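Undergrad: kindly generate the corresponding structure for this input.
(one chain, ligands or ions: 1)
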Amino acid sequence: MRIAAGCILTLLFLSGCGDDAPQADADPQPAAGTIREHAQSSIAPVTGPLAIGPVTFFQNYCARCHGDYGWSFNAGYTAGLRDEELLERVHEMVVGPAQQRLGEREIRALADLHRAIDAGDAGSFAARTADGSIDALPGTKDPEALLEGRGAWAGTDASGRVFGEVDSRE
Ligand code: HEC
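TA: Purely as a prediction, here's the structure:
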């Protein structure tokens, strides 16, 4: 089962099984662990800004169906989804209805954004983008402090957990 799930996820990240797979995950078996643990275990270093602002991307390509900042998602919709399931859903949505292509880090950031969206007013999310700006959910207080030591993106979820691209082990 784990092998099958890993293959499916790997296929999702490959561009249609072709030779051009620039975003292919270095680790073909991300089944266990959280998004953050997976980020840490991947061979490529996780540094640098993101190619997109996840919040802006959501507004541009997802909000027409899911509402501004995801208000039309059912409360608690991420609670029953493991990280890899949420990643898979988000990836399906990006290449499906949104008709976009994103790198693996950007997909992970977008998946993490959903944890913050699901926290409603209690959630926060911020990301550093390539143009030097910070892309944040409205209501996110002090995005710089939130991002400090957590990589290109960070947020808080419904349980009050502070997460980031890099696990700061709080
Ligand atoms: C054309 C409309 C449309 C667009 C655009 C769209 N979605 Fe969806 N999305 C849906 C529908 C309909 C569902 C529920 C049915 C399903 O699960 O396939 C869904 C389900 C989801 C879910 C699962 C929610 C749950 O309750 O399990 C996530 C997460 C999600 N979308 C994220 C996104 C993201 C991120 C984007 C932008 C990249 C996006 N969607 C763009 C229509 C859309």
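
Undergrad: quick check: mean pLDDT across stretch 160-168?
TA: The average pLDDT for stretch 160-168 rounds to 86.

Undergrad: buried stuff in it?
TA: 163-167 (16 or more other CB atoms under 10 Å). In this view, the C-beta of every residue, glycine as well, is placed from N, C-alpha and C.

Undergrad: tell me the one of those residues nearest Gly48?
TA: Glu165 (10.1 Å; CB to CB).

Undergrad: the closest one and Gly149 touch, don't they?
TA: No - the criterion here is CB atoms under 8 Å, and Glu165 misses it with Gly149 at 10.4 Å.

Undergrad: circling back: as JSON lines, the buried residues of stretch 160-168 with distance to Asp68 and secondary structure would be great.
TA: Below are these laid out as JSON lines (distance: CB to CB, whole Å; DSSP: H, G, I helix; E, B strand; the rest coil):
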{"residue": "Phe163", "distance to Asp68": "23", "secondary structure": "strand"}
{"residue": "Gly164", "distance to Asp68": "24", "secondary structure": "strand"}
{"residue": "Glu165", "distance to Asp68": "25", "secondary structure": "coil"}
{"residue": "Val166", "distance to Asp68": "29", "secondary structure": "coil"}
{"residue": "Asp167", "distance to Asp68": "30", "secondary structure": "coil"}
